[in-house]
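Chemist: what's the 3D shape of this:
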Amino acid sequence: MDMVDISASIAGQKLQSCLFNAAGAHCVTRGELFDLGKSRAGLILSKSCTLEPRKGNPEPRYKDLPYGSINSMGLPNQGYLFYGKIAKELKQHFSKPYFVSVSGLSFEDNLTIIEHLSQIKEIDALELNLSCPNIPGKPQVGYDFEQTEKLLDAVCKITEMRKKPLGLKLPPYFDFVHFEQMAEIIQRYPVKFVTCVNSIGNALFIDPEEEQVVIKPKGGFGGIGGYYVKPTALANVRKFYELLGNRIQIIGCGGVKTGIDAFEHILAGASAVQIATALVQEGPGCFARIEEELKEFMERKGYEKIEDFRGRLKVMD
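Modeler: Below is the predicted model of the structure:
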């Protein structure tokens, strides 16, 4: 399988592997970020950071489910200054790109964070999270198109001036009109990539034996991940690929547990693939396993690189 190449390029950065972590999975602490550096992940992506360090929502806030997971983490993170400061250290130890995910709790917070992080040369790109469904009292910006436009207007002034590539983490959309409205807004700005999708927000899982919910925050409501979201994630990857084409890259995220899952995301149009639930359940060793499975499947199909099949999903006449 040495002939099979799964390298990728995202926001002008070369990745030896098209697989990497989603913001939120195994990327909060220095130790976790270093684990990603040592793993076969093609890129290190930080936890979505806020202005101040956050402990997040009360425990238990994550639960493995038969086909995935439910969580209501509430953005536990060490604050934006930590993820900026560690950039130099990561670069000294690892020769892979470092992206920082940004999820300010207010409009002003986002601008403060991005203004600071945009000036750090060791940070290769920023991923603005428009889609955290687990902050009580805070709506998902990605479902408010007017607010999204206002935020992008202000953020892109900073990132353009600082020449820092910007991507967006999007919530799942379910209506073609919403896909089109969001794509129209995104295309007006110098966005390099969109990540599709964050978890499906405000799901509920019940333990029938105990007759209760399985996580504590928000009365048991949380974001669903894993195989439950894969069809929705693939739909979002595909639709945004159709609408944004090769002008803006798509990163697939949702339900990637095997190499074939990753293959499907790329076939739908993804230029790279993020892994969340499988990373939490299995640890960073999942990247090597999924990479080998992807290469095996590509070799069986006669593909030498991911561009040989990316976006070439067939539809029925």
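Chemist: For the longest helix seen in the chain, buried residues please.
Modeler: Looking across the chain with DSSP state H, the single longest helix is helix 145-162. Across helix 145-162, burial judged by 16 or more other C-beta atoms under 10 Å covers 148, 151-152, 155-156, 158-159, 162. Placement of C-beta: from N, CA and C, glycine included.
Chemist: Check stretch 256-269 too.
Modeler: Neighbour-count burial for stretch 256-269 flags 256-259, 261-269 (criterion: 16+ other C-beta under 10 Å).
Chemist: repeat for stretch 279-299
Modeler: Buried residues in stretch 279-299, counted by 16+ other C-beta under 10 Å: 279-280, 284, 286-287, 290-291, 293-295, 297-298.
Chemist: Helices - which of those residues land there?
Modeler: Using DSSP H, these in helices are 279-280, 286-287, 290-291, 293-295, 297-298.
Chemist: What distance do you get for residue 238 to residue 304?
Modeler: Remark: distance between residue 238 and residue 304 (C-beta to C-beta, to the nearest Å) = 23 Å.
Chemist: roughly how far is stretch 79-87 from the heart of the chain?
Modeler: 18 Å (C-alpha atoms, centre = their mean, to the nearest Å).
Chemist: And the contacts of that stretch?
Modeler: Residues from elsewhere that reach stretch 79-87 (C-beta atoms under 8 Å, 6 or more residues apart in numbering): 30, 33, 46-47, 49-54, 77, 98, 100, 102, 113, 116-117, 120, 122-123.
Chemist: Drop anything exposed from the residues you listed.
Modeler: The neighbour-count criterion (16+ other C-beta under 10 Å) marks 33, 46-47, 49-51, 54, 77, 98, 100, 102, 113, 117, 120, 123 among the contacts of stretch 79-87 as buried.
Chemist: all helices for the stretch 151-300 of the chain, in order.
Modeler: For the stretch 151-300 of the chain, the helices defined by DSSP state H, counting those that start in this stretch cover 176-186, 230-244, 259-268, 277-282, 286-301.
Chemist: Can I get the ones you listed in JSON lines including distance to residue 71 and mean pLDDT?
Modeler: JSON lines is the format used below for the helices of the stretch 151-300 of the chain (distance: least, C-beta to C-beta, whole Å; pLDDT from 0 to 100):
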{"stretch": "helix 176-186", "distance to residue 71": "24", "mean pLDDT": "98"}
{"stretch": "helix 230-244", "distance to residue 71": "16", "mean pLDDT": "98"}
{"stretch": "helix 259-268", "distance to residue 71": "19", "mean pLDDT": "98"}
{"stretch": "helix 277-282", "distance to residue 71": "9", "mean pLDDT": "98"}
{"stretch": "helix 286-301", "distance to residue 71": "17", "mean pLDDT": "98"}
